[in-house]
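**Q** One predicted model, sequence on top.
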Number of protein chains: 2
Amino acid sequence: MTKSTPPLSNTIADIKALIHRESRRVTSYDVAMLAGVSQSAVSRCFKPGASVSKATYARVMEAARSLDYTPNAAARSLITRRSNLVAVILSDTVGLNYPDILTELSRQFSLRGMHIILFNLPTEAGIDQTLAEVWQHQVDGAIVAVRLSAAQVAEFERRSVPLVLFNRNLADRTVNAVVCDQEEAARAMVTRLAAAGHKRFAMIDGPAHSTAAQQRKHGVATRLAELGLALPLSVEGNFDYASGARGLREIIDRFGGVPDAVICANDLMAIGCIDTARHDFRLDVPGRLSVAGFDGIAASRWISYKLTTMRQPLHSMAQAAAALLLGLVADGNATPERRVYSATFVDGATARLGPPA
Amino acid sequence: MTKSTPPLSNTIADIKALIHRESRRVTSYDVAMLAGVSQSAVSRCFKPGASVSKATYARVMEAARSLDYTPNAAARSLITRRSNLVAVILSDTVGLNYPDILTELSRQFSLRGMHIILFNLPTEAGIDQTLAEVWQHQVDGAIVAVRLSAAQVAEFERRSVPLVLFNRNLADRTVNAVVCDQEEAARAMVTRLAAAGHKRFAMIDGPAHSTAAQQRKHGVATRLAELGLALPLSVEGNFDYASGARGLREIIDRFGGVPDAVICANDLMAIGCIDTARHDFRLDVPGRLSVAGFDGIAASRWISYKLTTMRQPLHSMAQAAAALLLGLVADGNATPERRVYSATFVDGATARLGPPA
DNA sequence: TTGTAGGCGTTATCAT
DNA sequence: ATGATAACGCCTACAA
């Protein structure tokens, strides 16, 4: 009998027609009307841990389901001041080429009901424009893997937007960061290569704007100097395969011959360098020339390369960055923390590490 | 003289103190007060093409700047019903491993002041949960590269959320999509290989849930049949390097020998297959065994491989997807469009294409 | 060109 | 446990 149905103020069809006529969205008022409760009751039903009776909850949820109601995040964000949005700011040269990072970040955040707004900079120049857009979206926090000026970092603080830097060092400020110690990694690599008796080094550097590249180069140079070896001939690359290939040609050209070892600022360039050495110059790697990289990307493990490299624990780092940020979002004034990871040496097959043949 | 300054209702310091005391955000009212105009005047200044006098505009902007005011996207979205947010829904297996796609999408959208909310599914199972989150965020549109049921597609329509499928076919519905004709690509590859006299084919297939893999396999199988060749022995892989390596071993095992050609459902598996063939089985590729892939990823062009493959125009496709979606956002009821791209054959060095030696 | 007033859809407060 | 009411910060007629 119709009498046994719950006291609906209107039928589903009526309400749907009304919404359509006014061409608006389904709101909690519509659900309330259908369920025969107040709007605030509906709101409470969608808030975990609110006090609602079993019966009310069931009727509200049923009404919501039949109207396809979903809370409006914009309206919620307006009043709660939480958007459940996290900005992830990357740059073309480095960010998306390491899919692990975004994958892990995305996983961690969606586990807590938060989502990523992606800001991918073609060039790190336009960052101020990007930040303006970040502020508009009222993000709850940001993970930034591009270079930030002290002023820009300060703006995050002024706006109380938790910030975690990823693999970016900012010398003069205490700011939350997850980094891999690039200089230490570079020194470790040099130590290994030098111990094996390599004397004549060359380096294929990364782009000038990359702090990781700078630190790797600095580590290489200082460690070599400590060991009494000459500073390496260094040519600039931009982290891609082609510049590894170009780099080797330039080195052989300017060096007037083949050095003992080429250290590349990342794996991709190392792979380009190795391919060119083997195929174009017919050089035995590592027999005649040792080549090493940094990162530990997937391709570095391929059978054709088995690259000798310093592997960054990117997965753990991404996880840590997410955890750090989530902590800051929960507790606004936690003390700045800096998590430093070490790269691990990967004993590959592209650098001679034993005594010379 | 102080008299020459604009008639500010309050000093900057006063207003900042007020805001801080009430611990709220800087609003357009604060800017209005500082600039000595109404709140709606401020609002108009931030709306491109609104009618504001030069003088007012200048004073408002100056006030906004000195207060670090930024419009609140949530509040704006509430009234305009535009969030300037686009959902991009990918899955682990396919999405982030092709960085070009996200890079280009991000570029195109940010050019129009829109931004990407990233939804990266660990598994395509949890998609309903993901969609619920998409609805909450009131996105202006979505680009989806995972499998969607007809019901799920219908829900986009019901909610008037423009949808563009990326490399996903949905047979029974007319829905906006940008796809690459995988079956045609597969047929083209088979035609080439067969013309060179390959007789005994094998295939390393993609994961079952990938429509692209299904279509590639179907194209391979049907074209082979048309040419009077046996259906290939097919083993299942999951699109990664390791499964290419495993795949070849399994093929040789089950085949009881080495086939003439192995067609892999993507480049990454092809590379794994080639490495294993050359290093573990000491097979000459392409002399003794031809290997081909699909996609045209960056590594496929590396000197060590020069992979024979069918290259998808991912860059153009991403561009088209963004353009299509932007068109739909501008004009809600544009007619469904399906843009089909063709893969181009890349005459690499891993498959014999001339007469047998 | 400018100001006034109302509403977007939700959560939070405070009664009841 | 539930309901009325006041924000949240902005846009947009409409009137001036």
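**A** In hand now; what should we look at?

**Q** And the contacts of stretch A:247-255?
**A** For stretch A:247-255, the external contacting residues (C-beta atoms under 8 Å, 6 or more residues apart in numbering or on different chains) are A:200, A:202, A:204, A:233, A:235, A:237, A:258-259, A:262, A:264, A:269, A:272-273, A:276-277, A:280-281. From N, CA and C alone the C-beta is placed, and that goes for glycine too.

**Q** three-state assignment of the residue in chain A that DNA strand D sits nearest to?
**A** Nearest residue of chain A to DNA strand D (C-beta to the nearest atom of the strand) works out as A:Ser51 at 2.4 Å. Recorded secondary structure, A:Ser51: coil (DSSP: H, G, I helix; E, B strand; the rest coil).

**Q** Any of the contacts of stretch A:247-255 buried? List them.
**A** Neighbour-count burial (16 or more other C-beta atoms under 10 Å in any protein chain shown) applied to the contacts of stretch A:247-255 gives A:202, A:204, A:233, A:235, A:237, A:258-259, A:262, A:264, A:269, A:272-273, A:276-277.

**Q** ok, and of those, which contact chain B?
**A** A:272, A:276 (C-beta under 8 Å from any C-beta of the partner chain).

**Q** pLDDT check: weakest of the buried ones among the contacts of stretch A:247-255?
**A** Lowest pLDDT within the buried ones among the contacts of stretch A:247-255 is found at A:Leu233 (91).

**Q** What distance do you get for the nearest residue to it once chain neighbours are set aside to A:Thr350?
**A** Leaving out its chain neighbours, the residue that sits closest to A:Leu233 by C-beta to C-beta, 6 or more residues apart in numbering or on different chains is A:Ala202, at 4.6 Å. According to C-beta to C-beta, to the nearest Å, A:Ala202 stands 15 Å off from A:Thr350.

**Q** residue contacts, the nearest residue to A:Ala208 once chain neighbours are set aside?
**A** Leaving aside its sequence neighbours, A:Ala208 sits nearest to A:Glu236 (C-beta to C-beta, 6+ apart; 7.2 Å). Counting by C-beta under 8 Å, 6+ apart, A:Glu236 makes contact with A:204-208, A:243.

**Q** Which members of the residues you listed occur in helices, if any?
**A** A:Ser243 (DSSP state H).

**Q** ChimeraX command for the buried members of the contacts of A:Glu236?
**A** In ChimeraX, a selection of the buried entries from these looks like this (16+ other C-beta under 10 Å):
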select /A:204,205,206,207,243
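
**Q** From the rest of the structure, what touches stretch A:155-167?
**A** Identification of contacts with stretch A:155-167 by C-beta under 8 Å, 6+ apart yields A:101, A:131, A:134-135, A:139-145, A:148, A:153, A:175-180, A:211-212, A:312, A:317-318, A:321, A:324-325, A:328-329, A:332, B:68.

**Q** what about that stretch, how long is it end to end?
**A** With C-alpha to C-alpha, to the nearest Å as the measure, stretch A:155-167 spans 20 Å from end to end.

**Q** Are it and DNA strand D in contact anywhere?
**A** No: on the criterion C-beta under 7 Å from any atom of the strand, stretch A:155-167 is out of touch with DNA strand D, staying 12.2 Å away.

**Q** Now do the buried residues in that stretch.
**A** Buried-residue list, stretch A:155-167, by 16+ other C-beta under 10 Å: A:155-156, A:159, A:161-167.

**Q** circling back to that earlier point, which strands and helices sit next to the helix or strand where the residue nearest to A:Leu233 lies?
**A** Using DSSP states H and E, A:Ala202 sits in strand A:201-205. Packing partners of strand A:201-205 (3 or more C-beta pairs under 8 Å, 6 or more residues apart in numbering or on different chains; DSSP states H and E): helix A:211-226, strand A:233-236, helix A:241-255, strand A:261-264, helix A:267-275.

**Q** ok, now which ones touch A:Ile89?
**A** So A:Ile89 contacts A:119, A:121, A:127, A:130, A:134, A:142-146 (C-beta under 8 Å, 6+ apart).

**Q** Which one of those residues is nearest to chain B?
**A** Chain B lies nearest to A:Phe119 out of the contacts of A:Ile89, by C-beta to the nearest C-beta, at 7.1 Å.

**Q** Quick check: closest non-adjacent residue to that closest one.
**A** Spatial nearest neighbour of A:Phe119, excluding adjacent residues (C-beta to C-beta, 6+ apart): A:Ile89 at 4.5 Å.

**Q** Check the gap between that neighbour and chain B for me.
**A** Using C-beta to the nearest C-beta, to the nearest Å, A:Ile89 is found at 11 Å from chain B.

**Q** re the thing from before, can I get the contacts of A:Glu236 in JSON lines including distance to A:Arg301?
**A** Converted to JSON lines, the contacts of A:Glu236 look like this (distance: C-beta to C-beta, whole Å):
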{"residue": "A:Ile204", "distance to A:Arg301": "20"}
{"residue": "A:Asp205", "distance to A:Arg301": "24"}
{"residue": "A:Gly206", "distance to A:Arg301": "21"}
{"residue": "A:Pro207", "distance to A:Arg301": "25"}
{"residue": "A:Ala208", "distance to A:Arg301": "29"}
{"residue": "A:Ser243", "distance to A:Arg301": "22"}
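
**Q** what are the bridge partners for A:Thr308, then?
**A** Beta bridges link A:Thr308 to A:Ala292 when assigned by DSSP bridges.

**Q** residues near it, how many?
**A** Look at A:Thr308: counted by other C-beta atoms under 10 Å in any protein chain shown, it has 27 neighbours.

**Q** Would you mind confirming that it is in contact with A:Val346?
**A** Yes: if you go by C-beta atoms under 8 Å, A:Thr308 and A:Val346 touch, sitting 6.5 Å apart.

**Q** Wasn't A:Ala87 part of a helix?
**A** No: with three-state DSSP as the criterion, A:Ala87 is located in strand rather than a helix.

**Q** in the sheet, who's paired with it?
**A** If you apply DSSP bridges, the partners that A:Ala87 bridges to are A:Ile117, A:Ala142.

**Q** Let's see the pLDDT reported for it.
**A** Reported pLDDT for A:Ala87: 98.

**Q** how close does it get to DNA strand C?
**A** Look at A:Ala87 and DNA strand C: by C-beta to the nearest atom of the strand, to the nearest Å, they are 22 Å apart.

**Q** In contact with that residue, which residues?
**A** A:116-117, A:119, A:134, A:137, A:139, A:141-144.
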